[in-house]
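Novice: Show me how the following folds:
(4 chains)
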2 protein chains.
Amino acid sequence: MAVTIRDVARAAQVSVATVSRALNDSQTVTDETRKHVLRIAHALDFVPHGGARSLSLRRTDTIGVLLPDLHGEYFSELIRGLDLGARSGRQHLLLSASHGEVSEAVAALRAMRSRVDGLVVMTPFADGELVAAAVKRAVPLVLLNSRDTAHCDVSFAIDNHAGAFNVAKHLIARGHRRIAFVSGPADNVEARDRLRGFKAAHREAGQAPGRILRGNFREESGFAAACQLLASELPDAIFAANDAMAIGCLHALKSEGVQVPRDIALAGFDDIPIARLLDPPLTTAGVPIAEIGRQAADCCIDLIRGKKIETGCRLSVPELVIRASSGRQSGTGAAPSAQSRRIRP
Amino acid sequence: MAVTIRDVARAAQVSVATVSRALNDSQTVTDETRKHVLRIAHALDFVPHGGARSLSLRRTDTIGVLLPDLHGEYFSELIRGLDLGARSGRQHLLLSASHGEVSEAVAALRAMRSRVDGLVVMTPFADGELVAAAVKRAVPLVLLNSRDTAHCDVSFAIDNHAGAFNVAKHLIARGHRRIAFVSGPADNVEARDRLRGFKAAHREAGQAPGRILRGNFREESGFAAACQLLASELPDAIFAANDAMAIGCLHALKSEGVQVPRDIALAGFDDIPIARLLDPPLTTAGVPIAEIGRQAADCCIDLIRGKKIETGCRLSVPELVIRASSGRQSGTGAAPSAQSRRIRP
DNA sequence: TTGTAAGCGTTATCAG
DNA sequence: CTGATAACGCTTACAA
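Specialist: Next comes the predicted model:
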């Protein structure tokens, strides 16, 4: 049995109240008693029971995180950022993945609700309504990758339309005519926005979008999409709706001996850490993933502490990150090798 | 204020005890009352308070995970596996990173101790003594990447020596003579074992090891090490003690126009998912990272449930994964391109 | 400054 | 089968 505050009190010959006060450095204890109690507590290696504490204090010092998946560097970066924020606010991190299932998400949210002081949630679903319903707004709610402002306190979103627009525009400017798009899942808002951005850039350029293939944001689906493309005449470029799928494409292309960017250009979205290390380095829309995670955690903690912060949606516009994979300069026929040397990865 | 069991009891016109029984489907309730209570509870959207529950039940349904870092795909995979295991055992996951600091690790462990039913810990420190001391064995303890069996219930380790030995042996067999080694941090047991394995393979082959550079398992240190190597005459091959550093090396080499494997061979350790997608695909020692995470979680849960399982250390031997980066076949002078096409990534 | 005692929300024991 | 009621470990009025 673990040592309780009562054991400490007994050993220190004081009441439990005094121990509690000494431990939580309330001002109403003599320095002497405090030291005495602290020494005993330390000797007994006393650690207050978290559950009891949260029951009494009505707070858990924990923030819950629900993510749709844990595969790959995107989530790895996000979690890293969340940990940074939580740690600096002295909060624990309760992590859960919904695996893209609404039912699992709702279940996880319900289960978490009573164990956390705040929630940071990213779901692939259109808006925060379901999430909010499951959470009942019992605790502060921060939504990730959502523009919803009605059902949460703060949401973080990236301007997927603008990001995709800029990447597509860049590819067009580089002289690519037939640009295929590997989209994300149909029911994912972000994926839809990226597709819209892709189309908008073509509209603006007065150019018809190339083939549009359905993916699911996972690398394998990018691989599959590229394989489909390889079956017939190749387009000039492929724009994958995220980096993971772009990596899948790259892999498929290489395995067939198709060289990027010489034979075909390639671009992704997210700028996960590996993107700049691929061969060729990947042109993409840069999203500060870890930074968003950190801010989301910070923000959630501020909310928990009742600090007045600006509610609503924090939109960040992805930065176009041009690397060698997007290929030929418009107008010039510079050798690919020279190009890949010139562009700083 | 959240709705409590008392609110449900009042609304259902029964005692709290009955509500509790109905909710935890104890056999001693009429089907009728159970249904009645359940309906009311659902209508009120009642969720039992985790803290109170854990106080009363003396269990938290949570397993704590302490990792030295969260950077990169290695930890991402590990966490994914842990989540898989935790989820299937209906446990929550409390995640924390020690950032390589002993003091942080100890603090995190103490803080977690009272909030979890079991612990899965990976630290860069030699043995489990510190960890065990911090945990006081209050809960089951599973150690990751440690061979310690004295201070924990179960530990998972990989045979770093054998893994490195095999990679080095492979490089030697491929005809590489001067093989540089980029090591991990000096105080890391795993890193030391890999270095020993590297040396042992050379000893067996009657060949002198090449230059040994100090790294820290992070990509940047691999980059730096390769830069050092680039400053003087290049070795025939570089063996980095993990994939992240190998990626850093690859990056540095490419930026100087050095081609892998044509100009120099390269190998890593871990087989993180990206390894097979690099250009060239990376030869490495394959460690089933996610699987180990899943098993560790499973195992921790079994321990929590008092199931009798085999204690001690579960050692897994990394599998040599040969890909194009390790370069020329011993004796043959096959063109690199042909090679990279032949070897299945 | 310190101690006593009343919660916090559940579950479990023990009568009815 | 159901209802009081006593834990569980901690914090915090309220008293002394």
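
Novice: pLDDT value on A:Gly128, please?
Specialist: On pLDDT, A:Gly128 comes in at 75.

Novice: right, and it touches A:Asn145 too?
Specialist: No - taking contacts as CB atoms under 8 Å, A:Gly128 lies outside contact range of A:Asn145: 10.8 Å. Placement of C-beta: from N, CA and C, glycine included.

Novice: where do the contact lists of those two overlap?
Specialist: Taking CB atoms under 8 Å, 6 or more residues apart in numbering or on different chains as the criterion, A:Gly128 and A:Asn145 do not both touch any residue.

Novice: What residue spans form the domains of chain A?
Specialist: Domain ranges of chain A: A:5-57, A:62-158+A:289-317, A:160-286+A:320-343, per automatic domain parsing.

Novice: Let me have those in TSV, extended by mean neighbour count and distance to DNA strand C.
Specialist: Shown next, in TSV, are the domains of chain A (neighbours: other CB atoms under 10 Å in any protein chain shown; distance: least, CB to the nearest atom of the strand, whole Å):
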stretch	mean neighbour count	distance to DNA strand C
domain A:5-57	16	3
domain A:62-158+A:289-317	21	7
domain A:160-286+A:320-343	21	34
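
Novice: Turn the ones you listed into TSV, including distance to DNA strand D.
Specialist: Formatted as TSV, the domains of chain A follow (distance: least, CB to the nearest atom of the strand, whole Å):
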stretch	distance to DNA strand D
domain A:5-57	3
domain A:62-158+A:289-317	14
domain A:160-286+A:320-343	41
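
Novice: which stretch among those comes nearest B:Ala132?
Specialist: Of all the domains of chain A, it is domain A:5-57 that lies closest to B:Ala132, at 12.2 Å by CB to CB.

Novice: Same question for the residue most central in space within chain A, what's its three-state structure.
Specialist: Central residue of chain A (CA atoms, centre = their mean): A:Leu78, 4.0 Å from the mean position. With DSSP: H, G, I helix; E, B strand; the rest coil as the basis, A:Leu78 sits in helix.

Novice: tell me the contacts of it?
Specialist: By CB under 8 Å, 6+ apart, the neighbours of A:Leu78 are A:67, A:122, A:144, A:289-290, A:292-293.

Novice: Adding pLDDT and secondary structure as columns, could you present these in JSON lines?
Specialist: Listed next are those as JSON lines, based on pLDDT from 0 to 100; DSSP: H, G, I helix; E, B strand; the rest coil:
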{"residue": "A:Leu67", "pLDDT": "96", "secondary structure": "strand"}
{"residue": "A:Met122", "pLDDT": "94", "secondary structure": "coil"}
{"residue": "A:Leu144", "pLDDT": "95", "secondary structure": "strand"}
{"residue": "A:Ile289", "pLDDT": "97", "secondary structure": "helix"}
{"residue": "A:Ala290", "pLDDT": "97", "secondary structure": "helix"}
{"residue": "A:Ile292", "pLDDT": "98", "secondary structure": "helix"}
{"residue": "A:Gly293", "pLDDT": "98", "secondary structure": "helix"}
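
Novice: among those, which are in reach of chain B?
Specialist: By CB under 8 Å from any CB of the partner chain, no member of those lies near chain B.

Novice: Test my guess that A:Gln329 contacts A:His170.
Specialist: No - with contact defined as CB under 8 Å, A:Gln329 does not count as touching A:His170 (11.2 Å).

Novice: name the element A:Gly222 belongs to?
Specialist: If you go by DSSP states H and E, A:Gly222 is part of helix A:219-231.

Novice: likewise A:Lys199?
Specialist: A:Lys199 is part of helix A:189-205 when elements are defined by DSSP H and E.

Novice: Does that helix pack against any helices or strands, and if so which?
Specialist: With contacts taken as 3 or more CB pairs under 8 Å, 6 or more residues apart in numbering or on different chains; DSSP states H and E, helix A:189-205 sits against helix A:160-173, strand A:179-183.

Novice: That helix versus strand A:179-183: what angle between them?
Specialist: Angle of helix A:189-205 versus strand A:179-183, following axes from the mean of the first three to the mean of the last three CA atoms, to 10 degrees, is 160 degrees.

Novice: who's in contact with helix A:189-205?
Specialist: Helix A:189-205 has contacts (CB under 8 Å, 6+ apart) with A:125-126, A:145-147, A:158, A:160-169, A:172, A:179, A:181, A:183-186, A:208-209, A:212, A:217, A:239, A:241, A:269.

Novice: Now with 7 Å, please.
Specialist: Here helix A:189-205 makes contact (CB atoms under 7 Å, 6 or more residues apart in numbering or on different chains) with A:126, A:145, A:160-165, A:168-169, A:172, A:181, A:183-185, A:208-209, A:239, A:241, A:269.

Novice: ok, now stretch A:22-40?
Specialist: A:8, A:11-12, A:14, A:18-19, A:21, A:41.

Novice: So which of those residues sit within helices?
Specialist: Using DSSP state H, the members of these that fall in helices are A:8, A:11-12, A:18-19, A:21, A:41.

Novice: Is the nearest residue to A:Ser146 once chain neighbours are set aside in a helix, a strand, or coil?
Specialist: Distances taken as CB to CB, 6 or more residues apart in numbering or on different chains put A:Ser155 closest to A:Ser146, at 4.9 Å, once the chain neighbours are dropped. With three-state DSSP as the basis, the three-state label of A:Ser155 is strand.

Novice: biggest separation within the ones in helices among the contacts of stretch A:22-40, which pair?
Specialist: A:Ala11 and A:Arg21 (16.2 Å).

Novice: dump the residue contacts of A:Phe217.
Specialist: Here A:Phe217 is in contact with A:184-185, A:242, A:244-245 (CB under 7 Å, 6+ apart).

Novice: cool, A:Ala108 as well?
Specialist: A:66, A:96, A:98.

Novice: now do 10 Å
Specialist: Contacts for A:Ala108 (CB atoms under 10 Å, 6 or more residues apart in numbering or on different chains) come out as A:64, A:66-67, A:94-99, A:101, A:121, A:134, B:87, B:92.
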